[in-house]
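Trainee: generate a structure from the sequence data that follows.
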Amino acid sequence: MTHLVRARTIFFVTPAALVIKSVLMLNKTIDVILCRCMYTMTGRVRVATITLAIITHVWVLNLILCTSLHNKQSARGKKSYIEPRLLVSGSPSVEAPAVVVVCKAHNSSSNNPAQDAATGQGSLLLRESWTRQLEQLDLMLKTLLYFSKSDKWRIIVMTDTVSTFNEVVKLTHTFPERHRQRLELQHEKVWFPDKYPGIKEHWRPCVWAKQFLAEALPHEDSVVYFDTDVVFLGPAEEVWSLLRSMKTGQVVSLAPEPQYILDNPKRPYAGRAGLNTGVIIANLTRLRQLPGGGLGSAILREGSFYPLPRHDQDALNHFLMNKPHLVQEVTSRWNFAPSSCFSSAPSCPDCVSAGILVLHGADATFYRHIDRKFLVVYHSMRSLRLDGDSQPVLEQLELQLALVDALRSKFPCSNYSNLNHALTLGLKDAATLKVQPLPQH
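Mentor: As a prediction, the model looks like this:
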């Protein structure tokens, strides 16, 4: 595998074209309102309605223009600068495969996750929805292929049944042939210790399986694990650079989970603000040197499994709380969840300078009304076509993000500085850059 460093110039300015597009959309809307008023109202009612419509029009335009001006003013004094960015070329997953865990809940009955979210039918249906999981996995694979320059992706799909694996493979049948040929999906069965027969169903089906990767995959030296509710916003192969940056003795690389800071009552956590297990960069050879022969087995031996039922992420944080030497803690660029926007979260300068690489819709965030910008990104990216142009998707996404800002609603990421830039930088690259992968050596 070879590397190259690309120089990148960053500008923190909202495009004026975005504001112009918003104005045109609002003009069209006001025209419709005025026409309806002319034909359905008379006298003072007509005048009052037209006046109200014009006031509303001016108010919304003012919000958009003020938002744009605020972004420009906040950028003053921040000169453009060159940010070295490490690119990984070739196909790193051939030697260190990507891993996903997919299990179907026995009581999964929700076939319309979007409707469940809209009607507030709750979180439980959404969390266990098989339809939602397949939709998210479909977009995960598409964005992985779209932004990547690797000609081969080896992905280990760990499931509890062969039929579940076949459903995952079926997702790729709609992909263009040349992209389907880039995927090498390999089936492995999830592994759990015999002494803990109920652990498979703890919290959610198979959620604990990612803690037993070293035990389940004895022939692999290193892997990169992803939850199925992630969307790639740039070349996924960059994540593999974290395997090389791990120091001697470090067994995993993990990003922060700042939710732990705000929890009341407090839960034990590791790192600066807790650790999130949605993306795990794991050296399995080193993990096998832990007591029991793997991370999950070591957690069980130490008793971090209790009290029952315990979330696997909580157990991992409890286990690593006093073992910082085992962890390479990275920024939220590699695993960006809504909690990454909390004011108490560790800073992430590379989120803005290099762009968010992995967006994590934890806890059905891509369907629930937790953060509006996560919803906007997810639904915009679903319109992405593997052989299509990213420019229309980019323009649509930029416009919708600007409108969300103009509404000034409160949600976790509403005050995160330059977030729109961080969310769209990968699409801008895809629209403007033509970087060819280097040949493997």
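
Trainee: low-scoring pLDDT stretches of this structure, where are they?
Mentor: Low-confidence segments of the chain (pLDDT under 70): 1-89, 106-127, 203, 307-310, 433-441.

Trainee: and the longest strand for the chain?
Mentor: strand 275-283 (DSSP state E).

Trainee: distance from stretch 90-108 to the middle of the chain?
Mentor: 15 Å (Cα atoms, centre = their mean, to the nearest Å).

Trainee: who are the packing partners of whichever helix or strand comes after the longest strand of the chain?
Mentor: Sequence-wise, the next helix or strand downstream of strand 275-283 (DSSP states H and E) is helix 284-287. Applying 3 or more Cβ pairs under 8 Å, 6 or more residues apart in numbering; DSSP states H and E, we find helix 284-287 packed against helix 213-216, strand 222-226. Where you see a C-beta, it was placed from the backbone N, CA and C, and this is true even at glycine.

Trainee: buried ones in helix 284-287, by neighbour count?
Mentor: L284, R286, L287 (16 or more other Cβ atoms under 10 Å).

Trainee: cool, stretch 139-150 as well?
Mentor: Neighbour counts over stretch 139-150 (16+ other Cβ under 10 Å) mark L139, M140, L141, K142, T143, L144, L145, Y146, F147, S148, S150 as buried.

Trainee: send me it as CSV with only the CA atoms.
Mentor: Output of stretch 139-150 as CSV, limited to C-alpha atoms (Å, rounded to 0.1, in the frame of the first residue of the first chain):
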residue,chain,number,x,y,z
LEU,A,139,-26.6,3.4,1.7
MET,A,140,-23.5,2.5,3.6
LEU,A,141,-22.3,0.2,0.8
LYS,A,142,-23.2,2.8,-1.9
THR,A,143,-21.4,5.6,-0.2
LEU,A,144,-18.4,3.4,0.5
LEU,A,145,-18.1,2.6,-3.2
TYR,A,146,-19.0,6.1,-4.4
PHE,A,147,-16.2,8.0,-2.6
SER,A,148,-13.6,5.2,-2.7
LYS,A,149,-10.9,4.8,-5.3
SER,A,150,-10.1,1.2,-4.2
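
Trainee: what's the spacing between it and its chain's center?
Mentor: 13 Å.

Trainee: for stretch 251-267, same thing?
Mentor: Its chain's C-alpha centre and that of stretch 251-267 lie 17 Å apart, by Cα atoms, centre = their mean.

Trainee: now do the end-to-end distance for that stretch.
Mentor: This stretch, stretch 251-267, spans 23 Å end to end (Cα to Cα, to the nearest Å).

Trainee: where do the helices sit along the stretch 101-250 of the chain?
Mentor: Assigned by DSSP state H, counting those that start in this stretch, the helices in the stretch 101-250 of the chain fall at 113-119, 123-127, 130-147, 162-171, 177-180, 213-216, 241-245.
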